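Enquirer: Here is my input; please provide its structure:
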Amino acid sequence: MMEKRRRTLALAMLLFFFSAHATPGQGAGCTREDVSGRVREIFERALSEGQIILQDGSRAEVRVPPSEEAMEEIRQIGDAAISILSEYIDYAQPRQVELVVRFVGRLGSEGAAQPLARILRESPSPVQRIQALGALTQVPWSVSGPVIAEAARKDADREVQAFAWQLLIGHGPGDRAKEQARAHIRGVFERLLAHPNHEQDIGPSADVQAVAGVRALGDSAIQPLAEQLQSPNETVRKLAVELLGALGGDRVLRSLIVTAMGDSSSEVRSLALETLSVSDSSLARDTLRRSAEKDPDPSVRNLARSLVERRGSPRPD
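Expert: Okay, here's the model as predicted:
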């Protein structure tokens, strides 16, 4: 009798624990319709935040990243959100595709690979395919690796292929050289950030030692620098952009494009655009034009327009 009571008490405690920690869409009594409705509400709100009404009454879209609260709620809902988010994949609506990539990428689960792989294989836009590649790096490598490898071999755009190969190099099996490169990059950042006025007047472009060291590492410096672009510290992200610019070439384009299109800081996006402006890549040109039209910050749009004009391209309407 006592043993039966203990088992009943243990079961009751487990039920309490799981109900208290259930995420939205997963709790008892929460139906599939509830989850679907909530995901649609979050997505539609994020979509509307990027829409503005011009003086003539027409509508335009600008790139406004979804709020951190929205991203986190989708993450908590989990894989139950994937099928609903996938319904918004419409290659004629770049803003929708970008939001799908952002939300699904935040999930970081094996299930998230399916819609990202779909965009990578089906989208006619190289920019959208690069966005999908970037998000795939947040998915377990056992699932995303084969998809990225397929893009490296088969994508119709040579620059998308190059980005995929860069990801394969950066996320492949580790070795001592890669760990040494990471350690070196960490040392560079620690030294630069230790400067008493680093936020005002220090940057790798003026630091000969930092630039020389990174250039000596070559391709092995790309992934450690790209990792620094995920830092919550804006100054760290600026330094990473400058050092990637010092490396130069097509090998750094993916990281710079993702930063120019998605960083939360207008200053970091501006620096990435300035760095991209020296590239002859068609993807770099497309990124400049897109930012000139749709960046949420007027100062960034103005900068992008001036960079487009400097290259001798037509000014966006």
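
Enquirer: make it CA atoms for all contacts and neighbour counts henceforth
Expert: OK.

Enquirer: next helix or strand past the lowest-mean-pLDDT helix or strand in the chain?
Expert: The helix or strand of the chain with the lowest confidence, counting by mean pLDDT, DSSP states H and E, is helix 2-20 at a mean of 39. Next along the chain after helix 2-20, taking DSSP states H and E as the criterion, comes helix 32-48.

Enquirer: which parts of that next one are buried?
Expert: By neighbour count, and taking 16 or more other Cα atoms under 10 Å as the criterion, the buried residues in helix 32-48 are 35-36, 38-40, 42-43, 46-47.

Enquirer: ok, and what's touching that helix?
Expert: Helix 32-48 is contacted from outside by 24-25, 65-67, 70, 74, 77, 80-81, 84-85, 95-96, 99, using Cα atoms under 8 Å, 6 or more residues apart in numbering.

Enquirer: Now go through those and say which are in helices.
Expert: Here DSSP state H is the test, and the contacts of helix 32-48 give 70, 74, 77, 84-85, 95-96, 99 as lying in helices.

Enquirer: Please identify which two of those residues are farthest apart in space.
Expert: Using Cα to Cα, the ones in helices among the contacts of helix 32-48 span at most 22.0 Å, a distance reached by Ile77 and Arg95.

Enquirer: Give me the more crowded residue out of those two.
Expert: Set side by side, Ile77 and Arg95 show more neighbours around Arg95, with 23 against 20, by other Cα atoms under 10 Å.

Enquirer: Which helix or strand contains Val278?
Expert: Here Val278 is assigned to no helix or strand, by DSSP H and E.

Enquirer: what about it, neighbour count?
Expert: For Val278, the count of nearby residues is 15 (other Cα under 10 Å).

Enquirer: for it, phi and psi?
Expert: Val278 adopts backbone torsions of phi -90, psi -10, taken as degrees, to the nearest 10.

Enquirer: Equivalent analysis for Ser277, please.
Expert: Taking degrees, to the nearest 10, you get phi -60, psi -20 for the backbone angles of Ser277.

Enquirer: Hmm, it is touching Asp286, no?
Expert: No: checked against Cα atoms under 8 Å, the pair Ser277 and Asp286 is beyond contact range at 10.6 Å.

Enquirer: between the two, which one's more packed in?
Expert: Legend: neighbour count by other Cα under 10 Å for Ser277 and Asp286, higher for Ser277 (19 against 15).

Enquirer: show me the contacts for that one.
Expert: Ser277 makes contact with 284-285, 288, 307-308, 311 under the criterion Cα under 8 Å, 6+ apart.

Enquirer: Most neighbours of all the residues you listed, which one?
Expert: Neighbour max across those (other Cα under 10 Å) = Leu288, 27 neighbours.

Enquirer: Can you pull out the low-pLDDT segments for the stretch 101-250 of the chain?
Expert: Applying pLDDT under 70 to the stretch 101-250 of the chain flags residues 169-180, 195-209.

Enquirer: can you pull out the strands in the stretch 51-200 of the chain?
Expert: In the stretch 51-200 of the chain, the segments counted as strands under DSSP state E, counting those that start in this stretch are 51-53, 59-61.

Enquirer: circling back to that earlier point, looking at the contacts of helix 32-48, spot the one nearest Arg237.
Expert: Nearest to Arg237 among the contacts of helix 32-48 is Pro65, at 17.4 Å by Cα to Cα.

Enquirer: so can I have TSV of the buried residues of helix 32-48 showing distance to Arg191 and pLDDT?
Expert: As requested, the buried residues of helix 32-48 are exported to TSV (distance: Cα to Cα, whole Å; pLDDT from 0 to 100):
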residue	distance to Arg191	pLDDT
Val35	48	88
Ser36	49	91
Arg38	46	93
Val39	44	94
Arg40	46	94
Ile42	42	94
Phe43	42	93
Ala46	39	88
Leu47	41	87
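
Enquirer: Let me see the residues that make contact with stretch 251-258.
Expert: 130-131, 134, 162-163, 166, 219, 222, 226, 241, 244-245, 272-273, 275-276, 284, 287.

Enquirer: Are any of the residues you listed buried, and if so which?
Expert: With neighbours counted by 16+ other Cα under 10 Å, those contain buried members at 130-131, 134, 162-163, 166, 219, 222, 226, 241, 244-245, 272-273, 275-276, 284, 287.
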